[in-house]
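> output the structure for:
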Amino acid sequence: MKKNIYRLSLVVCVAAASLVACEKKMTNQYFGNGSTPTMKVSATTIAPTPADSMNKVLAISWTNPHYSTDSASELYTIQIDSSGRNFAKAYSIQVTGALSDSLTAKQINTIALGFGFKYNAAYNMDVRVISSYPNYNEELTSNTITISYTTYVIPPKVVPPSGGGGLYLVGSATNGGWTNPVPVPTQAFEEIDSVDYAGVFKLSAGGQFLVLPVNGSWSNKFATADNTESGSSGTFAYNASNNFTGPANAGWYTIWLNFQTGNFTITPAADSIPDSLFLVGSATVGGWNNPVPDPGQAFTQINSSQFSISAPLSASGQFLFLPVNGSWSNKYATADNSETGSGGTFGYDASNNFTGPANGGTYTILVDFVTGKFTTSQ
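Below you'll find the predicted structure:
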């Protein structure tokens with residue numbers, strides 16, 4: 001009887017062992033690995049015009065990774081980024097089921113401008129495709145292809161002043177009040193580029209203002225559709241019906257108008273604007289003598305934020321900008337003196353002298369309080 005029990009137990013153990021052995025030999029034959037897709041593009045150099053905006057200018061295709069699932073559910077992510085960033089800030093487009101996609105000039109232009117690219121300039125962008133299951137499992141990255149793309153100018157939302165015309169600030173928030181014509185150059189904007197105007201202005205608390213394309217005329221203006229923008233930002237339009245709302249607190253502010261988007265901002269300025277500006281230093285005719293020769297070393301104010309001077313500079317000298325001629329109490333200088341003599345950044349009471357040019361000659365120095373930078377050029 002005991003022998004039979006032993007034999008029965010042995011049979012059960014053998015059967016169980018066989019079952020375990022079978023289970024160990026099983027593989028996932030229904031969800032096998034896919035193969036890395038290979039990507040192609042229809043062009044590697046693209047330079048569309050505004051007229052091509054809605055035309056498809058780039059076709060992207062890739063091979064099937066053959067995942068173990070319905071191909072209609074496979075997920076593909078097209079990534080585009082500025083070259084050299086390893087897709088750290090990539091723009092992504094998702095495609096399900098298909099093995100290709102096409103982009104219009106408008107789509108690529110928007111992506112490129114979103115990277116901060118300037119208009120009418122060629123830039124390299126990297127393109128790749130990442131395939132995966134619908135739940136993003138088993139992501140496989142294709143080859144990378146670099147394309148050269150030249151951006152085009154899109155029509156601005158608000159038409160800027162024609163022919164590089166000026167802009168002028170008027171209103172109860174300004175020093176000049178509603179008097180028109182306004183004081184110039186202190187209430188004239190700086191033209192940053194074809195679609196951006198900015199200026200640094202002393203504004204009173206709780207006031208309002210408008211922006212005029214012609215100083216002394218009320219015929220046209222840039223204003224807002226309503227005055228609910230809270231004194232810090234908003235939208236503007238040509239001949240809109242309401243004044244801009246100034247900041248709640250008095251002080252020096254940078255007003256920036258972007259005609260491309262139709263947006264404006266009002267932000268506290270990094271520096272106030274001095275009444276005057278003077279050049280002093282070993283690079284100048286007057287050396288470090290203070291007061292300096294006036295008007296030979298006095299800057300001319302161009303608008304609300306820029307000063308300029310043309311003066312002879314000696315080789316390998318240094319200089320500073322003084323807000324008050326004859327006083328060393330305050331100065332505009334640089335945080336370091338490594339700006340190579342062609343320009344750099346500046347700040348109020350910074351610790352180092354500016355480096356003059358390597359060669360003597362007559363130079364123009366342009367000081368910009370919007371950007372906090374200056375340039376030295378012949």
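> what's the pLDDT at residue 230?
At residue 230 the predicted local confidence, pLDDT, stands at 75.
> wait, residue 129
As summarised for this prediction, residue 129 has a pLDDT of 98.
> got the residue ranges for the strands in the stretch 51-200 of the chain?
56-62, 75-82, 91-96, 100-104, 122-132, 140-141, 145-150, 168-170, 190-193, 196-203 (DSSP state E, counting those that start in this stretch).
> most packed of the ones you listed?
Ranked by mean neighbour count, the strands of the stretch 51-200 of the chain are led by strand 168-170 with a mean of 26 (mean count of other C-beta atoms under 10 Å). Using the backbone N, CA and C atoms, a C-beta is placed for each residue, glycine as well.
> what does it rub up against?
Under the contact criterion C-beta atoms under 8 Å, 6 or more residues apart in numbering, strand 168-170 has outside partners 176, 178-182, 184, 187-189, 199, 201, 209-215, 255, 304.
> tell me the buried residues within those residues.
Among the contacts of strand 168-170, those that count as buried by neighbour count (16 or more other C-beta atoms under 10 Å) are 176, 180, 182, 187-189, 199, 201, 209-215, 255, 304.
> Three-state assignment for the residue lying closest to residue 240 once chain neighbours are set aside, please.
Residue nearest to residue 240 in three dimensions, not counting chain neighbours: residue 223, with 4.1 Å by C-beta to C-beta, 6 or more residues apart in numbering. Remark: residue 223 carries the secondary structure label strand [criterion: DSSP: H, G, I helix; E, B strand; the rest coil].
> give me every residue that touches residue 327.
For residue 327, counting by C-beta under 8 Å, 6+ apart, the contacting residues are residue 290.
> my read: residue 156 touches residue 195, true?
Yes. Under the criterion of C-beta atoms under 8 Å, residue 156 is in contact with residue 195, at a separation of 5.3 Å.
> looking at the two, which one has more neighbours?
A count of neighbours by other C-beta atoms under 10 Å puts residue 195 above the other of residue 156 and residue 195, at 19 against 14.
> can you give me phi and psi for that one?
phi -130, psi 0 (degrees, to the nearest 10).
> could you list every residue that touches it?
By C-beta under 8 Å, 6+ apart, the neighbours of residue 195 are 156, 160, 258-260.
> closest one of the residues you listed to residue 145?
Using C-beta to C-beta, residue 260 is the member of the contacts of residue 195 that sits closest to residue 145, with 30.0 Å.
> listing request: residues of the stretch 1-150 of the chain with sub-threshold pLDDT.
In the prediction, the stretch 1-150 of the chain carries residues with pLDDT under 70 at positions 1-32.
> returning to that earlier point: got JSON lines for the contacts of residue 195, with distance to residue 57 and pLDDT too?
Listed next are these as JSON lines, based on distance: C-beta to C-beta, whole Å; pLDDT from 0 to 100:
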{"residue": "156", "distance to residue 57": "22", "pLDDT": "89"}
{"residue": "160", "distance to residue 57": "28", "pLDDT": "91"}
{"residue": "258", "distance to residue 57": "27", "pLDDT": "95"}
{"residue": "259", "distance to residue 57": "26", "pLDDT": "93"}
{"residue": "260", "distance to residue 57": "22", "pLDDT": "89"}
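> got a PyMOL select line for the buried ones in those?
A single PyMOL command suffices to select whichever of those are buried according to 16+ other C-beta under 10 Å:
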select buried, resi 160+258+259+260
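> of all the contacts of residue 195, which comes closest to residue 37?
Within the contacts of residue 195, proximity to residue 37 (C-beta to C-beta) peaks at residue 260, which comes in at 37.4 Å.
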